[in-house]
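Student: got a structure for you, letters missing:
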C-alpha cells in the first residue's frame, strides 16, 4: 500500500468516526430514530404512546430519542440460541 492510499484510507476512517460520533452526541428526532430502527414513523409513535420506548418531549410536542434507548429497545426479548438452552439444561439438569 502506498503512502497516498494509506492517507486516503485514514481520511475515510476519520470521516466515518466523526460521523458516528455525531450520532451518539445528539438526540435523534422521530424521523432519524425511525430510520435507525428500520420502522415507520407511525409505528415508532405508537411505541412511544404505549410507553414501550424511552423518549423525550422537551416542548411537549416534538419527540427525541437517545441512541441508547433505541439500542435498548432493539435488544428486548432476546431469543436464546439452542446451544445456550442446551448449556443451561446441562448445568441445571
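Tutor: It's in. Model, not experiment: these values are computed from the prediction.

Student: what number of residues lie near residue 74?
Tutor: Using other C-beta atoms under 10 Å, residue 74 has 13 other residues around it. C-beta coordinates here come from the backbone N, C-alpha and C atoms, glycine included.

Student: what do you get for residue 17?
Tutor: Burial of residue 17 is recorded as 10 neighbouring residues (other C-beta under 10 Å).

Student: now name the helix or strand holding it.
Tutor: Secondary structure from DSSP states H and E places residue 17 in helix 3-25.

Student: check which element follows that helix along the chain.
Tutor: strand 28-29.

Student: mind checking how far residue 91 is from residue 81?
Tutor: Noted for residue 91: a distance of 16 Å to residue 81, by C-beta to C-beta, to the nearest Å.

Student: repeat for residue 40
Tutor: As for residue 40, its distance to residue 81 is 29 Å (criterion: C-beta to C-beta).

Student: remind me which helix or strand residue 83 belongs to.
Tutor: Residue 83 is part of helix 82-92, with elements assigned from DSSP H and E.

Student: what pLDDT is listed against residue 61?
Tutor: Predicted confidence (pLDDT) for residue 61: 86.

Student: tell me the secondary structure for the spatially most central residue of the chain?
Tutor: Closest residue to the average C-alpha location of the chain: residue 71 at 3.9 Å, with C-alpha atoms, centre = their mean. Reducing the assignment at residue 71 to three states with DSSP: H, G, I helix; E, B strand; the rest coil gives helix.

Student: quick one: it from residue 20, how far?
Tutor: Per C-beta to C-beta, residue 71 is found 13 Å from residue 20.

Student: do the same with residue 81
Tutor: For residue 81, the distance to residue 20 - C-beta to C-beta - is 28 Å.

Student: residue 72 now?
Tutor: Taking C-beta to C-beta, one finds residue 72 at 18 Å from residue 20.

Student: now do residue 4
Tutor: 25 Å.

Student: circling back to that earlier point, buried set for the helix holding residue 17?
Tutor: Across helix 3-25, burial judged by 16 or more other C-beta atoms under 10 Å covers no residue at all.
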